[in-house]
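Participant: no sequence on this one, just coordinates:
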């Protein structure tokens, strides 16, 4: 080859364009092979657009490098020189692709090695791995934990009501009864039936069947009922007897009454709201149960107070547990987990902790109705203090004896 000063410009540019274009195509093909492999690895992480960008950048680099190399010779490049340049260019491109793929492969290997949480694994349907993770973090009842996580992510299901007729709506299955659309929580052994009315309030048909009772679990979209009786909630086991009074009655975490016209309410934004109704004596209670209240035994204490004050038989009680943070989202530190018999960081099931208290004082399991609606997961419906911090609102759950 001769020096660049003696070359003929037009033929040199033509050969530069040809060799540069061919080099770019070859490098692009090589890049496509490598990026195709990496795209297959990264599909689970939604990074496949990186493969396309990688291919395009390699092809452009090949075209520029090919043009520069092809423009060096002084005379129009012969066929042999062109092949040599393309061979060198392709080998250099292949080496460049390999060097570029190694960091990507290393990154993907590290990404794949990062432990995934049980909730993520449940969402992806990898239940065996989720069980292993739950066992590793000390979860004693892995199946109950998996049920809770599935319930928090799946649409509510239904159990057929008497006389209900089945219809299908795109995206979900619903049963229509003479009352309203009825939803079912699928996590509990005896799935309760909840329904959401046109005012965005969840109700329990078993409680609606009591003609003297008014009740509901509010959402972030529902209006606050008027003339409620409330207390300043302090995460305790203190019960307050309303005795027909309205307004705020001081401090406590459970309100009890049997006065016609009463309307007892608690406010929650992750804690468990519990509504109790004695179908025989027409006594009611509204309970606020956070983790401190659960540890203090507020649910058990509320039932005991109904027994002491009104002579309630626990077997006559209905207990509805409304929307609250699910085990899927309620991870706590060792100091809180220890109160629930767990070691280290753990996912606590507040719903089950309160259900266990209610069963322990004699309420039949088939009269306990958990909503299994996670407040943290369902931002469109519920306030959540853990999710929204100080910006979180509060939802009202109420129960009362009709006048």
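Facilitator: On my side now, so go ahead. Keep in mind that what you see is a predicted model, and the values were worked out from it rather than measured.
Participant: residue 260 touches residue 283, doesn't it?
Facilitator: No. Residue 260 sits out of contact with residue 283 when judged by C-beta atoms under 8 Å, with a separation of 11.5 Å. Placement of C-beta: from N, CA and C, glycine included.
Participant: what mean pLDDT does the helix or strand where residue 249 lies have?
Facilitator: Here residue 249, judged by DSSP states H and E, is contained in strand 247-251. Taken as a whole, strand 247-251 has a mean pLDDT of 95.
Participant: repeat that for stretch 367-379.
Facilitator: Average pLDDT, stretch 367-379: 92.
Participant: and that stretch, what's buried?
Facilitator: For stretch 367-379, burial by neighbour count (16 or more other C-beta atoms under 10 Å) applies to 367-378.
Participant: and residue 261, how many residues sit next to it?
Facilitator: When neighbours are counted by other C-beta atoms under 10 Å, residue 261 registers 13.
Participant: list the contacts of it.
Facilitator: Residue 261 sits next to 244, 400-403 when contact means C-beta atoms under 8 Å, 6 or more residues apart in numbering.
Participant: so which of those residues belong to strands?
Facilitator: Judged by DSSP state E, strands contain the following of the contacts of residue 261: 400-401.
Participant: hmm, back to that, quick check, nearest of the buried residues of stretch 367-379 to residue 300?
Facilitator: residue 368 (12.9 Å; C-beta to C-beta).
Participant: hey, what's the closest one bridged with?
Facilitator: Beta-bridge partners recorded for residue 368 (DSSP bridges): residue 319.
Participant: need phi/psi at residue 378.
Facilitator: When read as degrees, to the nearest 10, the backbone of residue 378 gives phi -100, psi 70.
Participant: how close does it get to residue 347?
Facilitator: Separation of residue 378 from residue 347 (C-beta to C-beta, to the nearest Å): 18 Å.
Participant: can you list contacts of stretch 375-395?
Facilitator: 152-153, 200, 217-222, 267-270, 273, 323-326, 328-330, 373.
Participant: ChimeraX command for the buried members of the residues you listed?
Facilitator: Buried residues within the contacts of stretch 375-395, by 16+ other C-beta under 10 Å, are selected in ChimeraX with:
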select :152,217,218,219,220,222,267,268,269,270,273,323,324,325,326,328,329,330,373
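Participant: and residue 243, what is it in contact with?
Facilitator: Residue 243 makes contacts with 257, 259, as judged by C-beta under 8 Å, 6+ apart.
Participant: re the thing from before, now for the helix or strand following the strand holding residue 249, which elements pack on it?
Facilitator: Next in sequence after strand 247-251, counting helices and strands by DSSP H and E, comes strand 254-257. If contacts are counted by 3 or more C-beta pairs under 8 Å, 6 or more residues apart in numbering; DSSP states H and E, strand 254-257 sits against strand 229-232, strand 239-241, strand 264-268, strand 283-289, helix 298-310.
Participant: for the third one, give the mean pLDDT please.
Facilitator: Spelled out, that is strand 264-268. In the prediction, strand 264-268 has an average pLDDT of 97.
Participant: run through the neighbouring helices and strands of that strand.
Facilitator: Strand 264-268 packs on strand 229-232, strand 254-257, strand 283-289, strand 395-401, going by 3+ C-beta pairs under 8 Å, 6+ apart.
Participant: could you single out the most deeply buried of those strands?
Facilitator: A comparison of these by mean neighbour count, using mean count of other C-beta atoms under 10 Å, puts strand 283-289 on top with a mean of 29.
Participant: domain map for this protein?
Facilitator: According to automatic domain parsing, the chain is divided into the following domains: 4-113, 206-401.
Participant: worst mean pLDDT among the ones you listed?
Facilitator: The stretch with the lowest mean pLDDT among these is domain 4-113, at a mean of 54.
Participant: need the phi and psi values for residue 262.
Facilitator: Dihedral angles (degrees, to the nearest 10) for residue 262: phi -70, psi 150.
Participant: next one: residue 202
Facilitator: Backbone torsions for residue 202, taken as degrees, to the nearest 10, come to phi -80, psi 140.
Participant: shouldn't it be in contact with residue 208?
Facilitator: No. Residue 202 is beyond contact range of residue 208, at 11.3 Å (criterion: C-beta under 8 Å).
Participant: give me the more crowded residue out of the two.
Facilitator: residue 202 (24 against 16).
Participant: quick one: residues contacting the more buried one.
Facilitator: 194-196, 216-219, 322-323, 371, 373.
Participant: pLDDT wise, what is it at?
Facilitator: On pLDDT, residue 202 comes in at 95.
Participant: which residues does it bridge with?
Facilitator: Under DSSP bridges, the beta-bridge partners of residue 202 are residue 196, residue 217.
Participant: the host helix or strand of residue 274 vs strand 283-289, what angle?
Facilitator: Secondary-structure element containing residue 274, defined by DSSP H and E: strand 272-278. Computed by axes from the mean of the first three to the mean of the last three C-alpha atoms, to 10 degrees, the angle separating strand 272-278 from strand 283-289 equals 170 degrees.
Participant: strand 272-278 - contacts with which helices or strands?
Facilitator: In terms of contacts (3+ C-beta pairs under 8 Å, 6+ apart), strand 272-278 is packed against strand 213-217, strand 283-289, helix 298-310, strand 317-321, helix 350-360, strand 395-401.
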